[in-house]
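Colleague: Got a sequence here, can you model it:
(3 chains)
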Amino acid sequence: MPVPRIGILTISDRAFAGAYEDRSGPAIRQTLEDFLATPWEARGLLVPDEREPIEGALRALCDEEGCCLVLTTGGTGPAPRDVTPEATAAVCDRILDGFGEQMRAASLRFVPTAILSRQVAGTRGSSLIINLPGNPKSIRECLEAVFPAVPYCLDLLGGPRLETREEVIHSFRPPP
Amino acid sequence: MPVPRIGILTISDRAFAGAYEDRSGPAIRQTLEDFLATPWEARGLLVPDEREPIEGALRALCDEEGCCLVLTTGGTGPAPRDVTPEATAAVCDRILDGFGEQMRAASLRFVPTAILSRQVAGTRGSSLIINLPGNPKSIRECLEAVFPAVPYCLDLLGGPRLETREEVIHSFRPPP
Amino acid sequence: MPVPRIGILTISDRAFAGAYEDRSGPAIRQTLEDFLATPWEARGLLVPDEREPIEGALRALCDEEGCCLVLTTGGTGPAPRDVTPEATAAVCDRILDGFGEQMRAASLRFVPTAILSRQVAGTRGSSLIINLPGNPKSIRECLEAVFPAVPYCLDLLGGPRLETREEVIHSFRPPP
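Modeller: Numbering: from 1, shown residues only, chains lettered A, B, ... in the order given. Here you go, the predicted structure:
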């Protein structure tokens, strides 16, 4: 069995231009290292807040790199440059509304501006794509809210079997 | 006044093929018998997980059988064969996002994988269509979460007046 | 700096026909007077439950009157004449799902029929449009639920800086 690959896509004009260091991609990677018991490989990319590069990166991570899971960070707010949800929807076969609802509900416990987030999740073939916020602290809060359902979702999509460290995050598979 | 009709549509490749017995359709019927004080008639259909038969069955139940309410079970997950939400959206005039949100929130109290459900509800003319999960136990949980709003919704759509058994489920109509 | 303008659009066949007095528009205005510390000007319009007049009014309030915020009341239910969400979506560049989710969740604390509301919010250029319910009492409940995020949303859209009366409603801006 090949080692499962997980794509981490940082979407940020300023990080892309080198104006500051990407701290969001590493925050996703660190959270996944904490969560996952199954060995996995990261595939990281960094693009500006523009639909074409975002869609191209998502397609490359899913179709060429074979990532079973792709996590994006950045570009989900209401500002004119925020186009991550549109780019994600454009490359997905189907949208899973429950992820966005649950991530907003989780973030709402910390900040009322969580309702401004347009985060979506969806499937592209057998890959699951989830938009996470740009803020490193919010990334972990959102992943804690939805990751319990991720391994079973990948099962249903025909992807690799992921096991979590149960003492860190409890993933759930319904009895067959 | 004719007796109100309620359509119950089971969507399942395996039940359709006779590989196992449909337990979800009967679970819906039993729950409605518990909930409704008004006499009603069931119209049941069973189709495989394919858009054309699902859409045909929904149109037949609404337009030919005159069902004021159609409840589906099955086909709402993220797996490739799950197409019930797409078929439902295709035959509906408008989607009522609050139903899906509320059913996912209700199921989340029991299983974190509730966020994987793509359940929708919508109207087709004067009929209300609601997607329920495939699992018989989850069916009742979801109906308990949304049924309090169903009688008033049918009022607004010009449908028949349904009364619930108030000791089982409290339906609500705002004062005029 | 010009005084920020806020549009208040009442959508009601009966109020438009003069069959009864519009109490919803004034309820929005009163709530905003309670909430806002920043001076502001109201621009009010009244239209029937029809897409063309609603869309025309929304465009006029955003594009000609320069309203940074437009609040609508009425026409968000499942009844055949309710077309406010469709009209709003048609004039918006992007939809902010979190507003509808949060307003339904807030109203659900009072009435189970809150799930029937199809309220949406979205942006048109640098304007934010939010659908509120028709019922004057529910208007304040919904505004209390989402207004804490409105000033920061307008910041992100490049609009005027609004300050709220913190003793009445706590608006939130994340630290830069």
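Colleague: what secondary structure does A:L128 sit in?
Modeller: The three-state assignment at A:L128 reads strand, by DSSP: H, G, I helix; E, B strand; the rest coil.
Colleague: my bad, should have said A:A60
Modeller: Looking at A:A60 with three-state DSSP, the answer is helix.
Colleague: is it true that it touches A:G44?
Modeller: No - if you go by C-beta atoms under 8 Å, A:A60 and A:G44 don't touch, sitting 11.8 Å apart. Backbone N, C-alpha and C define where each C-beta goes, glycine included.
Colleague: between those two, what contacts are shared?
Modeller: With contacts taken as C-beta atoms under 8 Å, 6 or more residues apart in numbering or on different chains, not a single residue reaches both A:A60 and A:G44.
Colleague: can you tell me the residue of chain A closest to chain C?
Modeller: For chain A and chain C, the shortest gap (C-beta to the nearest C-beta) falls at A:I115, measuring 3.3 Å.
Colleague: Give me the neighbour count for that residue.
Modeller: Using other C-beta atoms under 10 Å in any protein chain shown, A:I115 is surrounded by 26 other residues.
Colleague: confidence score at it?
Modeller: On pLDDT, A:I115 comes in at 98.
Colleague: Now the closest residue to A:S138 other than its chain neighbours. Its backbone dihedrals?
Modeller: Distances taken as C-beta to C-beta, 6 or more residues apart in numbering or on different chains place A:S107 nearest to A:S138, at 5.9 Å, with adjacent residues excluded. Here is the backbone geometry of A:S107 (degrees, to the nearest 10): phi -70, psi -30.
Colleague: and A:S107, how many neighbours?
Modeller: For A:S107, the neighbour count with other C-beta under 10 Å is 23.
Colleague: thought it was touching A:C142?
Modeller: Yes - applying C-beta under 8 Å, one finds A:S107 in contact with A:C142, separated by 6.5 Å.
Colleague: can you give me phi and psi for the residue most central in space within chain A?
Modeller: For chain A, the residue sitting closest to the mean C-alpha position, by C-alpha atoms, centre = their mean, is A:L71 at 2.2 Å. A:L71 adopts backbone torsions of phi -110, psi 130, taken as degrees, to the nearest 10.
Colleague: Model confidence score at it, please.
Modeller: A:L71 carries a pLDDT score of 99 in this model.
Colleague: Tell me what it is bridged to.
Modeller: Assessed by DSSP bridges, A:L71 has beta-bridge partners A:I8, A:I130.
Colleague: what's the spacing between it and B:I129?
Modeller: As judged by C-beta to C-beta, to the nearest Å, A:L71 and B:I129 stand 34 Å apart.
Colleague: Could you do A:F172 as well?
Modeller: Distance check for A:F172 against B:I129: by C-beta to C-beta, it reads 29 Å.
Colleague: dump the residue contacts of the residue of chain A closest to chain C.
Modeller: For A:I115, the contacting residues are A:R104, A:L108, C:L96, C:G98, C:F99, C:E101, C:Q102, C:V146, C:A149, by C-beta under 8 Å, 6+ apart.
Colleague: which one is the second one nearest to, not counting chain neighbours?
Modeller: Nearest residue to A:L108 in three dimensions, chain neighbours excluded: A:A114, at 4.3 Å (C-beta to C-beta, 6+ apart).
Colleague: circling back: the more surrounded of A:F172 and B:I129?
Modeller: A count of neighbours by other C-beta under 10 Å puts B:I129 above the other of A:F172 and B:I129, at 27 against 14.
Colleague: quick one: contacts for that one?
Modeller: Residues near B:I129 by C-beta under 8 Å, 6+ apart: B:L58, B:C62, B:L69, B:V70, B:L71, B:T72, B:T88, B:V91, B:C92, B:A121, B:G122, B:T123.
Colleague: List the neighbours of stretch A:42-55 that are in contact with it.
Modeller: By C-beta under 8 Å, 6+ apart, the residues outside stretch A:42-55 that reach it are A:5-13, A:15-17, A:22, A:25, A:29, A:32, A:56-57, A:60-61, A:65, A:67, A:72, A:74-75, A:81-84, A:86-88, A:90-91.
Colleague: go with 6 Å
Modeller: Where contact means C-beta atoms under 6 Å, 6 or more residues apart in numbering or on different chains, the residues beyond stretch A:42-55 that reach it are A:5-11, A:13, A:16, A:25, A:29, A:57, A:61, A:65, A:67, A:75, A:81, A:83, A:87, A:90-91.
Colleague: In strands only, show me these.
Modeller: Counted as lying in strands by DSSP state E, out of these, are A:R5, A:I6, A:G7, A:I8, A:L9, A:T10, A:I11.
Colleague: ok, those residues vs A:T38, which is closest?
Modeller: Taking C-beta to C-beta as the measure, A:T38 sits nearest to A:I6 out of the ones in strands among the contacts of stretch A:42-55, at 10.3 Å.
Colleague: And for the closest one, the neighbour number?
Modeller: A:I6 has 23 neighbouring residues, counting by other C-beta under 10 Å.
Colleague: so where's chain A shaky on pLDDT?
Modeller: Low-confidence segments of chain A (pLDDT under 70): none present.
Colleague: Alongside chain B, which residues does it contribute?
Modeller: A:L96, A:G98, A:F99, A:E101, A:Q102, A:T123, A:P148, A:A149, A:Y152, A:C153, A:L156, A:F172 (C-beta under 6 Å from any C-beta of the partner chain).
Colleague: Show me which of these is closest to B:K137.
Modeller: Nearest to B:K137 among the residues of chain A next to chain B: A:F172, at 15.1 Å, using C-beta to C-beta.
Colleague: Secondary structure and neighbour count added to the contacts of A:I115, as CSV?
Modeller: Formatted as CSV, the contacts of A:I115 follow (DSSP: H, G, I helix; E, B strand; the rest coil; neighbours: other C-beta atoms under 10 Å in any protein chain shown):
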residue, secondary structure, neighbour count
A:R104, helix, 21
A:L108, helix, 18
C:L96, coil, 25
C:G98, helix, 26
C:F99, helix, 25
C:E101, helix, 24
C:Q102, helix, 24
C:V146, helix, 24
C:A149, helix, 26
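Colleague: What is the nearest of the residues you listed to chain B?
Modeller: Nearest to chain B, judged by C-beta to the nearest C-beta, of those is C:E101 at 6.0 Å.
Colleague: For chain A, see how far away that closest one is.
Modeller: Going from C:E101 to chain A by C-beta to the nearest C-beta, to the nearest Å gives 6 Å.
Colleague: Tell me who's in contact with that residue.
Modeller: Residues near C:E101 by C-beta under 6 Å, 6+ apart: A:E101, B:E101.
Colleague: about what we covered before: which of the contacts of A:I115 sit farthest apart?
Modeller: Maximum distance among the contacts of A:I115 (C-beta to C-beta): 13.5 Å, for A:L108 and C:L96.
Colleague: The nearest residue to A:S24 once chain neighbours are set aside: neighbour count?
Modeller: Using C-beta to C-beta, 6+ apart and skipping the chain neighbours, the partner closest in space to A:S24 is A:T73 (3.9 Å). Using other C-beta under 10 Å, A:T73 has 27 other residues around it.
Colleague: For stretch A:21-30, what is the distance to the chain centroid?
Modeller: 12 Å (C-alpha atoms, centre = their mean, to the nearest Å).
Colleague: What of stretch A:63-77?
Modeller: In this view, stretch A:63-77 has its centroid 6 Å away from the chain centroid, taken as C-alpha atoms, centre = their mean.
Colleague: Next: stretch A:87-98.
Modeller: That offset, for stretch A:87-98, works out to 12 Å (C-alpha atoms, centre = their mean).
Colleague: any chance you could map the helices in chain A?
Modeller: Using DSSP state H, the helices of chain A run over residues A:13-16, A:24-35, A:51-59, A:84-91, A:97-108, A:136-146, A:150-156.
Colleague: residues making contact with the last one?
Modeller: Contacts made with helix A:150-156 from outside it, assessed by C-beta under 6 Å, 6+ apart, are listed as A:C68, A:L128, A:L162, A:S171, A:R173, B:G77, B:P78, B:A79, B:T113, B:L116.
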